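>>> Mind looking at a prediction? Sequence and model below.
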Amino acid sequence: MVPSDNGQKHHHHIEAKGPQSYWVHRFTGGAHSMASKFSRVVYFARNQRDAERYIRTIEGSSELR
């Protein structure tokens, strides 16, 4: 499936769920839209560095465009 280029923006947030549990949430829509209030967990990491690396990688790729 190829994502459509419909102008939607994505942003990510890391939530620490425990000492070795970090969840990366993806929000769709602009920072002020209703859609940004709801997220989807897209990645689980054992440390914050790996979660941050995932975000840098995915935001730099064409997967979300």
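Yep, it's here. Fair warning: this is a prediction, and the values are worked out from it, not measured in the lab.
>>> Helices of the protein, residue ranges please.
Assigned by DSSP state H, the helices in the chain fall at 48-60.
>>> show me where pLDDT drops low in it?
Counting by pLDDT under 70, the ranges of the chain that qualify are 1-8, 30-36, 62-65.
>>> which residue of it sits farthest from its center?
residue 19 (20.2 Å; C-alpha atoms, centre = their mean).
>>> separation between residue 49 and residue 9?
Relative to residue 9, residue 49 is positioned 25 Å away (criterion: C-beta to C-beta, to the nearest Å). Bear in mind the C-beta positions are built from the backbone N, C-alpha and C, glycine included.
>>> Between those two, point out the one with more neighbours.
Using other C-beta atoms under 10 Å as the criterion, residue 49 and residue 9 rank with residue 9 on top: 13 against 10.
>>> That one against residue 29, yeah?
Yes: taking contact to mean C-beta atoms under 8 Å, the distance of 6.5 Å between residue 9 and residue 29 places them in contact.
>>> How about residue 13, nearest residue that isn't a chain neighbour?
Once flanking residues are discounted, residue 13 sits nearest to residue 25: 4.7 Å by C-beta to C-beta, 6 or more residues apart in numbering.
>>> residues in contact with that neighbour?
With contacts taken as C-beta atoms under 8 Å, 6 or more residues apart in numbering, residue 25 has the following neighbours: 12, 13, 14, 15, 39, 40, 41, 42.
>>> export the residues you listed to CSV and tack on neighbour count?
CSV is the format used below for the contacts of residue 25 (neighbours: other C-beta atoms under 10 Å):
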residue, neighbour count
12, 19
13, 12
14, 16
15, 12
39, 17
40, 9
41, 11
42, 14
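>>> which among those gets closest to residue 56?
Of all these, residue 56 sits closest to residue 12, with 9.7 Å by C-beta to C-beta.
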